[in-house]
Structure formats: structure tokens, C-alpha cells
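K.L.:
Can you look at this prediction? I've put the sequence above it.
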2 protein chains.
Amino acid sequence: MENLTEMLKGVLEGCVLEIIDRKETYGYEIVRRLNSLGFADVVEGTVYTILLRLEKNKLVDIQKKPSEIGPPRKFYTLNNAGRKQLQTFWRKWDFIASKINELKMKGES
Amino acid sequence: MENLTEMLKGVLEGCVLEIIDRKETYGYEIVRRLNSLGFADVVEGTVYTILLRLEKNKLVDIQKKPSEIGPPRKFYTLNNAGRKQLQTFWRKWDFIASKINELKMKGES
DNA sequence: TCCATCTACTTAGTATTATTATGTAGAAGT
DNA sequence: ACTTCTACATAATAATACTAAGTAGATGGA
């Protein structure tokens, strides 16, 4: 799907939070997960800026670990603030998605 | 619902397109429709910037008509380009919404 | 040894968008 | 005159995804 970037604003960060919440992981792997999820055009630079923002906003804990096949990885886990933020994200998403779908359906009646 | 603004980016314009597509209408009324739809915090300034953008991008036809209870209104209708844009919007929305929900559901299993 | 490739992270700058703040102005009632 | 409701315009701001360019470790082949 082409040019989703504006529509991803506000939701991509939430997706990253969700991915981290599932399992401790690192940037490069998160990119792969997003890609295989269907967001094929999401690229490293985008995810790393989000991760740095999460770090700056103190939503994640970070542990650096060596890799056997490349440079060391920064592993992320959600802290309490991060989990709270994730809940807020889903609450907002459910609200907006329901309203938008409501608008969409009314047109098909 | 508080502070949805970042999540509205990329979708609010689509909502405005959909509202116009239903029925020829004008800015002030569109604000009311969005409010009653549930987007309570969307305010005039926001919608007018969107409408000016739609006009600049030649997605709408405009007709100015006098009002009996105030200053003249600018009535908007979608032209062919506008309808095409609306279709694209829904295509993108369906794609993103399905992917996000997929991500969400996988976590609940 | 040198080079390419894959892995992995960083950062400065850009574009787009919703929002805020402020202003203008018509009509109607008091 | 003053207020209120209707109606539109616009400059400035904030947040975010994205682009581009770079650094660097490890591996394997030429």
C-alpha cells in the first residue's frame, strides 16, 4: 500500500509500544516485525526516531547486549509509564476506529 | 476523549471528504457534524484549513450562497478528483485499520 | 588484505498535518 | 450601542513520520 505516512501518524508509536510489550526486543527486529505485519515501507530511520522518543519520555527500560552477528543491540522493555501509555493508545484507537467506521457505514445504508 | 489530535492526522481530511460527498454542505455545518459524530474537540479553525487545502488541491467545487441568518456560506461538493481521493482514503483506512486490529488481537490470544 | 554485505544504531533536516489564536464580518434581538 | 450567533480567513506552533547520510561491528569471498 502506497503512501500511508500521514495516516500512520499517531499510530506507529502505539504499534511499537505493543510490539515491545509482547517481548523484549530491539530496533532492527521491530522494523522487521512491522514490515511483516504489512507496513512494508516502514524503514529503520523511522523506528529509531520513535525509540529515541520513547527513551526520552521514559516509557522504556533499555539494556545493551552484544550480538553474535553484528554490533551490540539495544533491547527495550516497557516500564509502568510505557504500559500505561500503551493502554491509552488502545483506548484512543478503539474510539477513533469506531467513529470512523460509523461514518463509513452510514454512507452505505 | 482527550487529545486525539495526532491520531486524527491523515483521517480528518478523509472524514470531511466523506461528509461533503453525502450532501453539499459548508464549513460551519461540517464542524457541527464532526462534533456530533463524536469528535467533540474539532473546532472551526481546523476544518477551515482542511477546506482551504481541498480547494487548493482542486478536489472540490465551490458555490457561494447567501444565508438568511448570517454571512454568506461557501458550499462544497466533491468533483471527480475529490471522489477519487475519497476512495483512496477508504482503501488506506481499511488497510491500516485491519493491520492495527490484527496486531491488537494477536496480543490477546 | 581488501571489499562487499548484512546487521545495528544515530542524527540533522524536511514535509505534512491538526491546532491555536486572532481577526473580520453579516444578521438579529435587546 | 451591545451582544450573540453565524461564518470564514490566516499566521504561527507542535507533533510526527520520513529522508538522507553517516558510523560501526562481524563475516565471507576475491
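P.N.:
Yep, it's here.

K.L.:
Next, work out how far apart the residue nearest the centre of chain A and A:A40 are.
P.N.:
The centre of chain A sits closest to A:V16, judged by CA atoms, centre = their mean, with a distance of 1.8 Å. Look at A:V16 and A:A40: by CB to CB, to the nearest Å, they are 16 Å apart. In this view, the C-beta of every residue, glycine as well, is placed from N, C-alpha and C.

K.L.:
Determine the number of other residues adjacent to A:P72.
P.N.:
Using other CB atoms under 10 Å in any protein chain shown, A:P72 has 10 neighbouring residues.

K.L.:
same check, this time on A:E24
P.N.:
Neighbours of A:E24 (other CB under 10 Å): 13.

K.L.:
I'd guessed it sits against A:R73; true?
P.N.:
No: contact criterion CB atoms under 8 Å: A:E24 and A:R73 do not qualify, at 10.3 Å.

K.L.:
The residue nearest to the centre of chain A: what's it in contact with?
P.N.:
Shown in contact with A:V16 (CB atoms under 8 Å, 6 or more residues apart in numbering or on different chains): A:I30, A:L34, A:V47, A:I50, A:L51, A:L54.

K.L.:
which one of those residues is nearest DNA strand D?
P.N.:
A:I50 (4.9 Å; CB to the nearest atom of the strand).

K.L.:
who touches that closest one in this structure?
P.N.:
Contact partners of A:I50, counting by CB under 8 Å, 6+ apart, are A:L12, A:E13, A:V16.

K.L.:
could you give the angle of the worst-scoring helix or strand of chain A on mean pLDDT to helix B:80-108?
P.N.:
When the helices and strands of chain A are scored by mean pLDDT, DSSP states H and E, helix A:80-108 comes last with a mean of 93. Going by axes from the mean of the first three to the mean of the last three CA atoms, to 10 degrees, helix A:80-108 is angled at 140 degrees with respect to helix B:80-108.

K.L.:
so does helix A:80-108 get close to DNA strand D?
P.N.:
No: Helix A:80-108 does not reach DNA strand D (CB under 7 Å from any atom of the strand); its nearest approach is 10.1 Å.

K.L.:
Would you tell me which residues of chain A are close to chain B?
P.N.:
A:1, A:4-11, A:15, A:18-19, A:21-22, A:37-39, A:90-93, A:95-97, A:99-104, A:107 (CB under 8 Å from any CB of the partner chain).

K.L.:
For A:E18, give its distance to A:K9.
P.N.:
Taking CB to CB, one finds A:E18 at 16 Å from A:K9.

K.L.:
For chain A, which segments are assigned as strands?
P.N.:
A:25-26, A:60-65, A:73-78 (DSSP state E).

K.L.:
would you turn these into a markdown table with mean pLDDT, distance to B:V60 and mean neighbour count?
P.N.:
Below are those laid out as a markdown table (pLDDT from 0 to 100; distance: least, CB to CB, whole Å; neighbours: other CB atoms under 10 Å in any protein chain shown):
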| stretch | mean pLDDT | distance to B:V60 | mean neighbour count |
| --- | --- | --- | --- |
| strand A:25-26 | 98 | 45 | 19 |
| strand A:60-65 | 96 | 44 | 13 |
| strand A:73-78 | 98 | 44 | 18 |
